[in-house]
Every structure is written in structure tokens, then in C-alpha cells.
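J.: Could you look at this predicted model? Sequence included:
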Protein chains: 4
Amino acid sequence: MTKRKKIGILTSGGDCAGLNAVVRAVTRCAIKVYGWEVWGICKATHGLMSHPPEAIQLSVKQVDPYLTMGGTFLGTTNKGDPFAFPMIDGSFVDRSHRIIEGYHKLGLDALIGIGGDGSLAILRKLAQQGGINLVGIPKTIDNDVGVTERSIGFDTAVNIATEAIDRLHFTAASHSRVMIVEVMGRDAGHIALNAGIAGGANIILIPEIPYNLENICNYIKERQARGRDYSIAVVSEAVCTDTGELLEQGHFADCRLGGIGQYLSEKITAISDAETRVTVLGHTQRGGISSPLDRILASAFGVAAVELIAEEKYDRMVTWQERSVKSVPITEAIKDYRTVDPHGTLIKTARGLNICLGD
Amino acid sequence: MTKRKKIGILTSGGDCAGLNAVVRAVTRCAIKVYGWEVWGICKATHGLMSHPPEAIQLSVKQVDPYLTMGGTFLGTTNKGDPFAFPMIDGSFVDRSHRIIEGYHKLGLDALIGIGGDGSLAILRKLAQQGGINLVGIPKTIDNDVGVTERSIGFDTAVNIATEAIDRLHFTAASHSRVMIVEVMGRDAGHIALNAGIAGGANIILIPEIPYNLENICNYIKERQARGRDYSIAVVSEAVCTDTGELLEQGHFADCRLGGIGQYLSEKITAISDAETRVTVLGHTQRGGISSPLDRILASAFGVAAVELIAEEKYDRMVTWQERSVKSVPITEAIKDYRTVDPHGTLIKTARGLNICLGD
Amino acid sequence: MTKRKKIGILTSGGDCAGLNAVVRAVTRCAIKVYGWEVWGICKATHGLMSHPPEAIQLSVKQVDPYLTMGGTFLGTTNKGDPFAFPMIDGSFVDRSHRIIEGYHKLGLDALIGIGGDGSLAILRKLAQQGGINLVGIPKTIDNDVGVTERSIGFDTAVNIATEAIDRLHFTAASHSRVMIVEVMGRDAGHIALNAGIAGGANIILIPEIPYNLENICNYIKERQARGRDYSIAVVSEAVCTDTGELLEQGHFADCRLGGIGQYLSEKITAISDAETRVTVLGHTQRGGISSPLDRILASAFGVAAVELIAEEKYDRMVTWQERSVKSVPITEAIKDYRTVDPHGTLIKTARGLNICLGD
Amino acid sequence: MTKRKKIGILTSGGDCAGLNAVVRAVTRCAIKVYGWEVWGICKATHGLMSHPPEAIQLSVKQVDPYLTMGGTFLGTTNKGDPFAFPMIDGSFVDRSHRIIEGYHKLGLDALIGIGGDGSLAILRKLAQQGGINLVGIPKTIDNDVGVTERSIGFDTAVNIATEAIDRLHFTAASHSRVMIVEVMGRDAGHIALNAGIAGGANIILIPEIPYNLENICNYIKERQARGRDYSIAVVSEAVCTDTGELLEQGHFADCRLGGIGQYLSEKITAISDAETRVTVLGHTQRGGISSPLDRILASAFGVAAVELIAEEKYDRMVTWQERSVKSVPITEAIKDYRTVDPHGTLIKTARGLNICLGD
């Protein structure tokens, strides 16, 4: 069909469910259908920076058991822009040429990069600069990559957050409390909005819609007045305080403690006299067993990426659109990330369900 | 906003996950946003045939706990075309006028009907004939309603089938067996195809792709030759025997026993000498706790249906297209049901993964 | 069999999975087998303090759907010792007589109290003082009630904590991190120990075994030296800092933030240079859907409690011992709560698995 | 502590959840705590029959990922008594000496055998005859091994069966049907009884309690008369027809089709006019991800078995009794298998809940 190729695959940025399923699909398709060679590159672009490059040749037998498992057995990292790589002494150096060298040293014909918009932008810059034949696959629990309707990892993250909300209803009702659930979502509120609707939350706060603390407390009081003595509030970690501050802990230290959930808990207790409790799901949202939908998406993306390479169509990212896999130029996908549309279907749905969005 | 309306809602055909979530969303939106009155009609159109009509006025408090629960608390039935309703003596009578009477007796301004393509066709015929202001919502674990990318109940069914396949891998490998999983899917192989890909099945048989028993046995033997001494086969209940027969048990008696799974088990054992075991998931696929995605879809559809009524746009069905809720004339949605496209993305994915489709 | 009785049931203290299943079992057995009347008392002893007592007569139809659901539909509270009840002005009054009055005003022949050791001690004091025919049922996610091998709610809590640990393995390994999971457990480390073993944790810290931070960091470094570049640490919320302080947030405010998990995270990062992340499961551990084992235990306890009443054996608590339900005097059960035995089977198991207990 | 040993471990009989967790615990403890060598024997005693013996040396790194996974990565078989091993020509030969030879050829100091009562009896006979230092660990989804309160695999099987029953409630209620769930259980009804109670079944049939079809139909009709128009019946595969026949399919072919569930479905439909549906869970009950309790039990058993070997206490089986691991002579454990006690706690519980047991 095509000449025998040697391809590489790497996972970049924060891990999520479905990454392993992509690596499996790519490996199966490249080996079984095309008879190619597949190399898994370790720890994102770091594996290409090493001398010799840190990479392992993949077999079908080796990748098959990873279909269901979250995380990435290749390892990943979200530290260090290769164009300004942080050194121990605090300075920054350009490591991009070492990555490009690594690619060519491995003798790769093409590279499949799985990443969010940030990672894909960096990979594309490397590819343009160094003659790397790149195909991108979108992944992010935040679902904010452009063009594609779904990115890998989002469905599993929503499932885990929803399951937590489901559990909190019972204990919240038993003790007449306001339960605050802080969920992931760096720049977009998709997880909070989806899990909040699915879980029957009463209040959903996302960075795209500014909130007013008083509205929230009034909503809680109004519920109490109607005899509903408990409430569930879902808040995206990227939501700011009502004074416009993004809590450092939530954002930089990534430790998920003392973040916006805790802040709101104190504020709501102070204003409304409701008893509050906070749950911080943290990294459990990155998933254990991938959801079936994430596995299907990952499998379809993996096969499609191999086919793009077979057709030598590079500098493209695969997408899910109208129940089909398609592809677009990477530049088109990353030109802006997709936040929640304040006039879109799910915001309309939330308002139709009388969910308080804080505005 | 609009004049105060009195609307009815019914669930029709086989039950599935997400039905209750639609009823909840409709009730919340109609009452909280529009101040309307909502009546739940019992056991599909049967509730309207009764004198007086069997229906209950719904409150938000009453419907809220049903968000997560599978089935339909209104009850449903898939027995009896009202235009040719089966009598005890074996004859058929036209009961359509009684349903139409029931609608008008209840004084309804509009009716939301949740059903698959069959139910929606019947409801539309009733609506056209009797001046019923109908809005349709697509549901079916088979995902074969036209136009919409997703119908309510499908995601949950795929999850349950996938979970079963996940479990069978371990025991299949331990005993070197061929495990056959018979899944639902009356006329379309979507559940088998999706769950098979998600679950890492080796063989997937769907009614849209004719199979050859020898291909299947060769595939199993080839795997054995490569040291893979177990296989998982997922088969849609609607797949025929290799002599073209649709097994009666599978289709009419609905009892799921002695169906195509059992048939294949015997054939494969006879030809390939592999030890086989059969699992028949049956009605567990109709779901316990709805998946988050089915709840989101159900909520979005419910709110959108109420909005169509507010705008007095009738004879339409809501759809999910390109990550938004839209709507189309019911006639367009039901003109043909959507089976698996043999050249579509997921078939390509299955072939890319080297899954045996029997052809 | 016995004369017709009127019995009351209440849930007291923190909620957990299985409470509703007890209420259901008691109601079914008392009504179906004995033909008695069952009254559910609202919000623990608070329902008996009210004038008139806040209680609802229970029917089988009403309680049946609650079998699987976590929490308690009767409501509960863990605020306020009735013998020294906190008033708004900061003073304390003895409200015990009002509870006793409430019991007699309802005309109850017996009361089933579901609680942990604290609640059961208070209920027994009330019973002794006021002629209440009390039967106790042990519940607590902490599993620290004496005599009985298992209390209701523990199995579900362990399941939820284990599931979180399962999920964290994948993401920890992907990013080479130390993941710290703070689990519930006020006075006993049973949840941490059980979930830690079940989840394959590398480090388990419980209040019964004092730890040394250096041991933990050495253990982490040793793992790193052997090429295992990630670790999972499970810590009970009741574990103190290495300076012997019980963190206020963890204990009094119950907000689960800035607790021992966060403290350890900072210490471990400072000493070992490992990248850490913290997850605080909080109230999700109190459960959504009860585990089958908790439902079985709850059903067996509920039926046995009714039988004790039928035999007019009061002042006793039902227990699970040697795969049977038995009963003991309440005094015996509450004389001391059961913490983790530092020489018991599961500590031996943890040491045998080379899990670091910090000592 | 003791001299350095070389030990073997094998899994025998039908697979179940927790087997891999035992192998992991044994390997970790033997290597990390004692510094021994551990060999995993493939496909039960078959691995010892081969020349050379089919076995692999196990490392901690290799076994760790298997903690959560069902099945057994060592493989197993339930075919062929080595004292009368079936040959292709239909004759039987004694293969016991080859197994004994295999043990000695591997140079093992001791053998850990994980099995049900049948497997343990055969292993003990081999051990007695051939000087094998044997320690037994009880496993069986049926929970019928003597002395021990719990065997590995049971809790997971009950969880899976209960989950199926939970799901069927919703669809049964929606369509007013009688749902029959056939669960595993060769000689004992523990799975059916436990899952039936946990799942809120209305009817539970187990081999230990003879049933009368009319009682069952009367119970169903009585429920219908009280307005409960659906029922859930759980039946153990080992239950006979009302004419005393054990259905061949259920027992010998193991194919789980046309078994007792299907038989009862037809009988109940004929007598009661109820619409019935059958689900046959089959091998899904052998489990995917092990339950936390099974993993804890497996871990405790594995460590305890290694300690018995360290103390050179052979011919014993580890047990779970009164929340501790103990051990007994294997002979004591296998002298009779433990069926459901018709006067025991759970039967009393079932009757107390007004569950129909058919008698």
C-alpha cells in the first residue's frame, strides 16, 4: 500500500484517560494493517532530548493490555517549554534542536503527538522548524481544543466528577448541608458544566460566567424557604474569587487545597448561615479505567492518525465532528481554545433547569 | 413570555436509561421557567386510551429524585399499535380515536412523546389525525433514529456491554476460551460495534455486515497460532445464522436464550475445537443508573422540547448535532432509521484495529 | 406471635451507606412478618424533642426504593448532646426529658437506634433514664464499634477510598509523582488501612501507629532508587503532624482542607524533592449507592433488631460475628471503641507486603 | 530468619477475582521480607506435568500491576483429575507422579495451592503421596469451602450479581415484568442468597431449599394484587426443575443457556400469565476488577501462607475467622463443603424481609 515506515508516538502535557488506548490503536493499525515499525517516546519531548533518545519499540502484545487503563505508560510531563527550557540555575535555554535531532536520530518518518492545545502548538513549532512530519491527536480533560467536538479524556473526567456529585446528594440531604465540589478545568468550565447538569447540581460556577456571591446565597435561601434544605454547588478550579483573584494554590501549586471551593465555603457560610462541606476531587479526575466513549474516540483517532501518515498528510490534527473522524490543519485547531459558549446549548439547558449560574 | 400552557409527556416503546431525566427536565423547565402545568401520561398511549385518562400532574419535587434512575417511572409499553390494537379474541381494532380523545379530554396544549422511530411514527400519525401538538424526543438503546447523532439510552447501554466485555477478558485468558457476548440491537449493530471496539473485542458481528463462519474460525486459529489462546466475540442479537435465519427466540420471544450467541458457540466449537462460553446480557443493558452523557442529553432535549412548545413549533423532533441541540420535522427523522454505515468511521476503526468482522 | 407493637426507628450521628437499608428491613419485617406499626423519627433525637414529635409512619411501599441509597431519608445530626444541648446564647441545657417525653407521647413500645459508639452511649443513657425499650444497631464508616466484626457503612467507605487510589496509580505513574490521599477516620485508621492494602498503596499512615517523616522520605527515595518513580500514600484524617498536633481544620471544622494530607505534602516535598499532589475525598466516602455487603449487613441487622423486640430483649445491640448476627448488651459494645490492633492481621499483612507504615 | 527457600505457587480450578492479588502478595512477601525465590506454575498442575515444568520466576515488578485484575495470569484449568487423567482415546491414566516429579525437578521447598475444595483435595493427595510441602488458600465464587468465613472471589461475584439485579429493577418496573436472573453457584446457593438480599429480590431460589412452583406464582399474583406489578427472581444455576432434574446445559455444558432460568421463565409464564425475561450473567461473575474486600482477603491470605512456610507448618489451609487470618489442617477444611444453612442468619433475614424462597 505505502512504503514501510517507522513512526514515533508521544503523549504530552497532563495525563488523562484514553492516552494508552490511542497508543494501542496506533500500534495495532501501523503493525497489523501496514506492517510498519512503531516507537513509543518516553516522557513527551523529553525522551527525544536524551542522548540516545529514550524510546521503546512497541509490539501489539505489549500495548494490548493498556486499552482500558488511564494515564500513559509512555510517561508524560507538563514541565518545560523546549524553546525556553528551565535550567537548575534559573536560566532558560533553547532545547528545541535536541528534540529535532532526537527525531532524526531515531530515523522516524513521522511523529504522532497527543496533546492539548498548548502541547500541540509547541509540537507544531518543532515540526515546522525541524522537518518533523507531525500528526496531532487532541486530548484534554478540559475539552477546550478547537474544532473537534470531543477530546480524549473529557468523558471520563465528567463521569468521575458526576459520580462524586451523585454520592454527595445523599449525605448532603441527610445533614441539610451545602456541599461544594471543586472540579478540574484550567481555562474552561466544561467539566463543571457537564458534571453539574448530569449530577443534578443546584449551583454551577464556571470561569466563563462571572458570579455574584449574593445571588448564590439568595438562591440557597430561596431553596431553604421552599423546604429544600440542602444544595450542591459545583465549581471549576479556575473560577476567581469575587474580588477577581485566581487563588494561587488552585492554579500554580496545583495542590487543589485552599482553592476556590474552600473560599466559597467560607463566604457562603458567612453570608447564608448554611453548613458547608468541601470536596476536592483532584487528580482522581484524570481517571482510572477509561470510559467506553473515550476508548472509542481514542481508537478512532489512533487509526485515523496512522491513515493520515499512510497518505503522507502531515501538519494536521484528527477531529471528531458529526459522528465521524475528520482532520484539520493543526493551526486551525489551536488558533483559539474553546471555552463554554455563554449562549450555547448547555448553558441554555442549565438555565432551563433553574440551575443557579451565579449571574 | 407565552400564555400559560398545560402539557403532557409520555414515554413509549422499550425503556432505557435517560427517560426519567427527560421527564425531570421537562417538568423543571415548564414549571420553573414558564409556570406551566405538566401531566405525566402512564404507560405510553395506553394512559390516553383509558377513561378517564391515566395521568398524573407532576411537580418538581416529585421528579427530581429520578434524574439518575434508569427505566421510566411513568411506565411504558411496546405492545399494540393503536391503529390495529390486538384484542383478546385475536382480532384488531383501531383505538387511535380514543387516544386523541384522551389528549383533548385532559385539555392539553401540547404533547411531548419520547420514543424510537417506531413510536414516533405512530405518535405523529395520531397527532396529524387528531390535532395533537406534538414534539418528539429520540430515545433508543440502538441509536438508530435518523438525523440525531445520539439518542437517549445508547451511551448507557454501550457502557454496560463494555463493562461485561472488560470482565470477560480476564476469565477468558485464564482458561483459554472463546467468550461470546450477545448484546441487544434489534435492527442495527451500533451497540455491538461500539462496545466491541471499547472492550477490545477480537470479533464483532453486526447485522449490517454478512459474516462467514469459516473466516471467524480461521481468525481464532490464527490468533492461537500466534500464542493468543483466547478470544472475545461480540454479537448483535439481530445477526442471523449463517443460513440466513433470524433466530425466533432472539427476536420474537425476546427471551435472549438459545439465540445467535448460543448458535455461534456451537458452530465455533464444532469447527475450531475452541472451548466457548456464552453470556447474554439481556435487559441489564437497559440500564440502572444512567450514564452522565445520557443525563446531559436527556436534560438538553427536555429543555429544548419545552422551548419548542413555547414557540409553538410542533411536529418536530429535537436532535443532537455538532454539539448542539437542534430540531427537525419528525418526518425527516423517521424516514429511515440509521444503521451502521459499512464505510463509516467506526467500521474503518474496527478494521484498522484488525478486528474480525466476519467478512 | 406477639402482641401488636408500635416501634420507632431513628438514625443518629454522621450518615453512611446502609442506614436506609436498615430502615427498610425493619419496616418490612415489622409490618410483613409481625403486623406492627413502624414510625420513622426525623433528624435523630431532635425529632423526639419537637412538640409534637417529628415522625412519620412508614409503609413498605415507601421504604422499598431506599434499599440501595446512601444517607438517611429520615435525616440525622451529629450536633448536640441532649444532656448538654447548646443554646444560641452559648449556654447548655438538659433536653433529655423532652426526648423521653417524645418517645412516650408517640406511644412507642420500643425504639431502634442506629448509631456509632457515641450515639449509642447517649441513646442508652436516655433509655435507662426514661424507660425506653432500646435496641441498638452499629453503624460507622470508621468500623470502630466494639464486639461486632463489621458496622454498617464501612465496606462502602473502603470501596470508595480504594477506587480513588486505583485511579491515582495511573496518573501518579504518568507524571512520577507522590500522591497523597486523605481519607476519613476520626479515631481509628481502619479505612486507611483497608483501602491502602486493597489499593496497593506504598505508604499508609494511621493514628494507631506513630510515624517518622524521615522513614517515609527514605522509603520514597529507596523506591526511586529502584526505578519506581511514583508512590501512593494513604493517610487517615486523624493522623497528627510529626509534632503531635491534630490539625484543627481536619478535626473541628470538618472541612477536610489544609488537613494532614496537605501538611504531609509540604513536608515530603521539602525533604525528598518529590513532586506531590493531594486528594481529599471528604464526604464522598459516606457513600452514594451502598455496597452489597453493607446492604446485606443492614438487612440482617434490621430483621434481627425486630426479632429482639419481638422477644422483648432490650438494651442490646445486634452484632456480626462469625458469619452470623448475634447480640450483646449495649454496655459491652460501647465500653471501648475498637481501633486498629498494631499486632493484628491487617498490620501483619501490610508489613508482609512491604508497605511503609512510617514507623 | 529462616533459610532461603524456593517456593512455587499455582492457581487451580475455575478462575475468580483475587487470584492475582494472592500471587502478588505471596511474591512481595517472600521476596521483600524473606528474600526467597518465587516460581509461578502455569495452568495449575498441568504446568508441573510438562517436561520441563512450565513455570516462571516471579519478580515484584512483574506481579504488582495484577493486584486489581480478575482471572489468573498464571492460567488455570478445571479439567482433568491427575489421578485419572482423560486421554484422547477415552481412557484414563494416572499422571500424579509426573506432577510430583515436576515439583522436585523445580527444586521447590514448598508449594502454595490456591483452589476450591475439589482442587485442594487433589493437591493434598499429591502432597501426601509425593512429599510436597503444601499450603492451601481457599478460593471460590461459591464460598462453600469449609471452616473459613470467606473465600477469595465470592465478594466480587456477589457485587456483580447485585449490580445486575439493581439494573433490572428499573426496566422490570417500567414494563411490569417478572425478571429472572440466573446466577452461578454449582453446589451452594450463597451467591443467589447474598445478591438476592442485597439487590432487593422478591424471590430467591437456591439448591438447599426445595421450591414449589405454585408458591412462587401465588407470591407473584399476590404482589400484583397489592399493585406491585413487577418482580425480580434470582435463581442459582444448581437449582433443579420442579421434577427434580438438574438441567444438563446448566451443569455439564456450562453454557448457561436453556438452564433453570429459562425453564422457570416458561413455567411462570404458563401458570401466572406474567410477562417474563431472563438474564444469564455467566462468566461475567468471575469478575473484572476485584472488589476491595477480595483484594484485602487475598493479600492477607498470601502473606499468611508465606509465614506458614517460614514456620514450616505444612498441610494447612489459611482461613478468615473472626476478623483474623488463622489456619487449619487442609483435611479439616475439605471434609465437607459449606452449603447455605436453612436455619442460618441469611435465611432468617430473607424470611424476615418477606422474600419468597419457594417453600
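T.: It's in.
J.: ok and the residue in chain A nearest chain D?
T.: A:I289 (7.4 Å; Cβ to the nearest Cβ). In this view, the C-beta of every residue, glycine as well, is placed from N, C-alpha and C.
J.: who's in contact with that residue?
T.: Shown in contact with A:I289 (Cβ atoms under 8 Å, 6 or more residues apart in numbering or on different chains): A:A17, A:T68, A:M69, A:G70, B:D166, D:I289.
J.: Against A:N159, how distant is the residue lying closest to the third one once chain neighbours are set aside?
T.: In space, A:M69 comes closest to A:N20 once its chain neighbours are excluded; the distance is 5.3 Å by Cβ to Cβ, 6 or more residues apart in numbering or on different chains. Remark: distance between A:N20 and A:N159 (Cβ to Cβ, to the nearest Å) = 17 Å.
J.: helices or strands up against the helix or strand encompassing A:N159?
T.: Using DSSP states H and E, A:N159 maps to helix A:154-175. Where contact means 3 or more Cβ pairs under 8 Å, 6 or more residues apart in numbering or on different chains; DSSP states H and E, helix A:154-175 is packed against strand A:178-183, helix A:190-198, strand A:231-236, strand A:276-280, helix A:292-310, helix B:292-310.
J.: A:D341 contacts A:K348, correct?
T.: No: in this structure A:D341 lies outside contact range of A:K348 using Cβ atoms under 8 Å: 9.7 Å.
J.: Relative to B:L264, tell me which of the helices and strands packed on helix A:154-175 wins on proximity.
T.: helix A:292-310 (23.1 Å; Cβ to Cβ).
J.: So is the closest one next to chain C?
T.: No: figure legend: helix A:292-310 not in contact with chain C (Cβ under 8 Å from any Cβ of the partner chain); closest approach 12.8 Å.
J.: Could you report the distance from A:N202 to chain C?
T.: Here the criterion is Cβ to the nearest Cβ, to the nearest Å. By it, A:N202 lies 16 Å from chain C.
J.: A:V318 looks like it's in a helix, true?
T.: No: according to DSSP: H, G, I helix; E, B strand; the rest coil, A:V318 belongs to no helix; its state is strand.
J.: Tell me who's in contact with it.
T.: A:V318 sits next to A:V135, A:G136, A:I137, A:P138, A:T148, A:F301, A:A304, A:A305, A:L308, A:V325, A:K326, A:S327 when contact means Cβ under 8 Å, 6+ apart.
J.: on that earlier part again, highest neighbour count among the contacts of A:I289?
T.: A:A17 (35 neighbours; other Cβ atoms under 10 Å in any protein chain shown).
J.: That one against A:G153, yeah?
T.: Yes: the pair A:A17 / A:G153 is scored as a contact, 5.1 Å apart, by Cβ under 8 Å.
J.: Touching both of these two, which residues are there?
T.: The contact sets of A:A17 and A:G153 overlap at A:I141, A:R286, A:G287, A:D294 (Cβ under 8 Å, 6+ apart).
J.: Skipping its backbone neighbours, what lies nearest the second one in space?
T.: The shortest distance from A:R286 to any non-neighbouring residue, by Cβ to Cβ, 6+ apart, is to C:T171 (4.2 Å).
J.: now the strands for chain A?
T.: With strands called from DSSP state E, chain A shows them at A:6-11, A:37-41, A:55-57, A:85-86, A:92-93, A:110-115, A:134-138, A:178-183, A:203-205, A:231-236, A:276-280, A:316-321, A:324-329.
J.: Dump those to TSV, plus mean pLDDT.
T.: What follows is those, written out as TSV (pLDDT from 0 to 100):
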stretch	mean pLDDT
strand A:6-11	98
strand A:37-41	98
strand A:55-57	98
strand A:85-86	89
strand A:92-93	94
strand A:110-115	98
strand A:134-138	98
strand A:178-183	94
strand A:203-205	98
strand A:231-236	97
strand A:276-280	90
strand A:316-321	97
strand A:324-329	98
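J.: can you put those strands in a markdown table and add distance to B:P82?
T.: Shown next, in a markdown table, are the strands of chain A (distance: least, Cβ to Cβ, whole Å):
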| stretch | distance to B:P82 |
| --- | --- |
| strand A:6-11 | 55 |
| strand A:37-41 | 58 |
| strand A:55-57 | 64 |
| strand A:85-86 | 71 |
| strand A:92-93 | 74 |
| strand A:110-115 | 53 |
| strand A:134-138 | 48 |
| strand A:178-183 | 46 |
| strand A:203-205 | 42 |
| strand A:231-236 | 42 |
| strand A:276-280 | 49 |
| strand A:316-321 | 40 |
| strand A:324-329 | 38 |
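J.: so which of the ones you listed comes closest to B:K313?
T.: Minimum separation from B:K313 across these (Cβ to Cβ) falls at strand A:316-321, 26.6 Å.
J.: Check the offset of the closest one from the chain's centre.
T.: On the basis of Cα atoms, centre = their mean, to the nearest Å, strand A:316-321 sits 16 Å off its chain's mean C-alpha point.
J.: rewinding a little: restricted to helices, list the contacts of A:I289.
T.: B:D166 (DSSP state H).
J.: As CSV, the contacts of A:I289 with pLDDT would be great.
T.: CSV is the format used below for the contacts of A:I289 (pLDDT from 0 to 100):
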residue, pLDDT
A:A17, 96
A:T68, 97
A:M69, 96
A:G70, 96
B:D166, 97
D:I289, 95
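J.: shaky segments in chain A?
T.: By pLDDT under 70, the low-scoring segments of chain A are A:1-2, A:247-258.
J.: Kindly report the domain assignment for it.
T.: Split into domains by automatic domain parsing, chain A comes to A:6-152+A:290-321, A:156-286+A:341-352.
J.: ok, A:V60 touching A:T27?
T.: Yes: contact criterion Cβ under 8 Å: A:V60 and A:T27 qualify, at 6.1 Å.
J.: Which one's more surrounded, those two?
T.: When A:V60 is set against A:T27 and neighbours are counted by other Cβ under 10 Å, the residue ahead is A:T27, at 28 against 18.
J.: need the contact list for that one.
T.: By Cβ under 8 Å, 6+ apart, the contact list for A:T27 reads A:I9, A:V38, A:L58, A:S59, A:V60, A:Q62, A:V63.
J.: go again using 6 Å as the cut-off
T.: A:V38, A:L58, A:V63 (Cβ atoms under 6 Å, 6 or more residues apart in numbering or on different chains).
J.: Cross-check these against chain C and keep the overlap.
T.: Checked against chain C using Cβ under 6 Å from any Cβ of the partner chain, the contacts of A:T27 yield no neighbours at all.
J.: Switch these over to CSV; also include neighbour count and distance to B:L120.
T.: Formatted as CSV, the contacts of A:T27 follow (neighbours: other Cβ atoms under 10 Å in any protein chain shown; distance: Cβ to Cβ, whole Å):
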residue, neighbour count, distance to B:L120
A:V38, 25, 47
A:L58, 24, 47
A:V63, 21, 43
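J.: Just give me the closest of those to chain B.
T.: Closest approach between the contacts of A:T27 and chain B, by Cβ to the nearest Cβ: A:V63, at 10.7 Å.
J.: re earlier: let me have the domains of chain A in JSON lines, extended by distance to B:D81.
T.: As requested, the domains of chain A are exported to JSON lines (distance: least, Cβ to Cβ, whole Å):
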{"stretch": "domain A:6-152+A:290-321", "distance to B:D81": "34"}
{"stretch": "domain A:156-286+A:341-352", "distance to B:D81": "34"}
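J.: Alongside chain B, which residues does chain A contribute?
T.: So chain A meets chain B at A:28-29, A:32-33, A:67, A:149, A:158-159, A:162, A:194, A:197-198, A:200, A:292, A:295-296, A:299-300, A:303, A:322-325, A:345, A:349, A:352-354 (Cβ under 6 Å from any Cβ).
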